[in-house]
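1. Need coordinates for the following:
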Amino acid sequence: MALEIKAPKDGRLLAVILLAIVLLLVYLLGFHWWFVAPHLQYTEQMVDLREQQLRFARTIAEQPQIDLKLTEIRGYEQENQAFMPEADVNAASANLIQRLKQVVAEHAPDSNRCQVVSSQSYTSTEEELYRRVTISVRMRCDLEQLSAILYDLENGKPYLFADQLMIYKQQNYVPPGGRAASQPLDVRFNLSGYIRQPGKAAK
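-> Residues are numbered from 1 along each chain as shown. Sure thing, here's the model as predicted:
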């Protein structure tokens, strides 16, 4: 009975496999990482640069429209009466005091029943998008007239805000058998508005 010997054929197959592995390693170590990989990176960079170039080109093409929109926004801001027209805090504070006195005179012709006792500038420490201008106000005023004054201040233009309102009822000495006379309320609050200057939160 004859035996077939296949060892040489199997050896050739193994040699071919080992040669393929060696060639693959030579390609990876000697060619791919030195030549192919850098070219692939360059290709990716070129693709990124082309995309950036296209974005820049689109932005440049849209520049006239962007400029037109910015002009419209600036025009709207200039016409926006929500802000106080003054450019600095001192002038705006003086305008607030004048506005307060004007509204008080309109709603309270009798200074014995309603008057501004004091008003002075107050620096706010809050971080806001726009610069706030505040005055600290003290008044003596009847409640009905005070309500009309605050309503007028907060519902006009530029937008003004009255906050930290405190009202005290004044107590007077009444002699025995005498009749108590009504006294104006002691009123304290802050009156604020905004000017077109960036506040602390915008910096």
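2. and residue 101, that's in a helix?
-> Yes: the assignment for residue 101 by DSSP: H, G, I helix; E, B strand; the rest coil puts it in a helix.
3. burial count for residue 145?
-> Applying other Cβ atoms under 10 Å, we find 19 residues neighbouring residue 145. Heads up, the C-betas are built off the backbone N, CA and C, glycines and all.
4. Surely it and residue 105 touch.
-> No: the pair residue 145 and residue 105 fails to qualify as a contact (Cβ atoms under 8 Å) at a distance of 11.2 Å.
5. Can you give me the buried ones in the longest strand along the chain?
-> With DSSP state E applied, the strand covering the greatest number of residues in the chain is identified as strand 185-198. Neighbour counts over strand 185-198 (16 or more other Cβ atoms under 10 Å) mark 185, 187, 189-195, 197 as buried.
6. what does the model give the closest residue to residue 107 other than its chain neighbours for pLDDT?
-> Counting by Cβ to Cβ, 6 or more residues apart in numbering, residue 107 lies nearest to residue 148, which is 4.5 Å off, once chain neighbours are set aside. Model confidence at residue 148, given as pLDDT, is 94.
7. Just to check, residue 170 is in contact with residue 184?
-> Yes: shown here, residue 170 and residue 184 form a contact pair, counting by Cβ under 8 Å, at 7.3 Å.
8. what touches both of those two?
-> residue 140 (Cβ atoms under 8 Å, 6 or more residues apart in numbering).
9. So for these two, which residue has more residues nearby?
-> Between residue 170 and residue 184, counted using other Cβ under 10 Å, the more crowded position is residue 184 (20 against 10).
10. Provide the backbone phi and psi angles at the more buried one.
-> Dihedral pair for residue 184: phi -60, psi 150, per degrees, to the nearest 10.
11. Name all residues that make contact with it.
-> With contacts defined as Cβ under 8 Å, 6+ apart, the neighbours of residue 184 are 112-114, 140-142, 170.
12. try it again with 6 Å
-> Going by Cβ atoms under 6 Å, 6 or more residues apart in numbering, residue 184 touches 113, 140-142.
13. which of these count as buried?
-> When these are checked against 16+ other Cβ under 10 Å, the ones flagged as buried are 140-142.
14. Break this protein into its domains for me.
-> Residue ranges of the domains in the chain are recorded as 16-79, 89-171+183-198, according to the TED database.
15. Can you say which of those is packed in most?
-> Across the domains of the chain, averaging neighbours per residue (mean count of other Cβ atoms under 10 Å) puts domain 89-171+183-198 on top, at a mean of 16.
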